[in-house]
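Colleague: fold the following and give me the result.
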Amino acid sequence: MIGYVTLGTNDLARGAAFYDSIAEELGAPRMMEGDGFIAWGEPGGAPGIGLTKPFDGAPATVGNGVMVALSANSKAQVDKLHAIALAHGGTCEGPPGPRGDTFYAAYFRDPDGNKLNAFLMT
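Modeller: Predicted coordinates for the structure are as follows:
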């Protein structure tokens with residue numbers, strides 16, 4: 001149902017370095033770029049993620065309660081994505097680990113404060 005998700009940034013170059021690293025681990029290359037935005041994913045594939053300076057020119061802000069979940073292929077990849085995020089300016093919002101019996105996840109924020117998680121459902 002979801003086609004793609006966009007997140008705001010106030011520093012596209014800083015955000016690009018963060019998302020390039022996350023996308024590389026997930027095998028999701030840059031698929032579009034323009035003045036003020038970058039998108040990662042596969043055209044016609046799974047939902048992608050975009051990073052953009054707000055169209056209205058106002059500063060980007062973080063949505064309260066908004067989170068983007070990134071599907072991982074293993075617990076090890078969840079752990080690795082969390083480590084990549086922290087190594088590229090992200091902050092920890094919850095270390096990797098089980099959340100119930102069938103859900104394994106790690107939570108982090110990008111350099112602009114947008115909340116993401118990497119997860120595996122078994």
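Colleague: could you use CA atoms for every contact and neighbour count after this?
Modeller: Will do.
Colleague: may I ask which helix or strand encompasses Q77?
Modeller: Using DSSP states H and E, Q77 sits in helix 75-87.
Colleague: determine how far that helix lies from the middle of the whole chain.
Modeller: Relative to its parent chain, helix 75-87 has a centroid offset of 11 Å by Cα atoms, centre = their mean, to the nearest Å.
Colleague: note down every partner strand of the helix or strand following that helix and its orientation.
Modeller: Next helix or strand after helix 75-87 toward the C-terminus (DSSP H and E): strand 91-98. Sheet pairing for strand 91-98, assigned by DSSP bridges, gives strand 103-109 (antiparallel).
Colleague: name the residues of the partner strand that come out as buried.
Modeller: Y104, A105, A106, Y107, F108, R109 (16 or more other Cα atoms under 10 Å).
Colleague: now swap in stretch 4-15 and tell me
Modeller: For stretch 4-15, burial by neighbour count (16+ other Cα under 10 Å) applies to L7, G8, T9, N10, L12, G15.
Colleague: kindly report the same for stretch 45-57.
Modeller: For stretch 45-57, by 16+ other Cα under 10 Å, it's G48, I49, G50, L51, T52, K53, P54.
Colleague: leaving out chain neighbours, which residue sits closest to H82?
Modeller: Nearest residue to H82, sequence neighbours excluded (Cα to Cα, 6 or more residues apart in numbering): A106, at 6.2 Å.
Colleague: that neighbour against D79, yeah?
Modeller: Yes: between A106 and D79 there is a contact at 7.1 Å, judged by Cα atoms under 8 Å.
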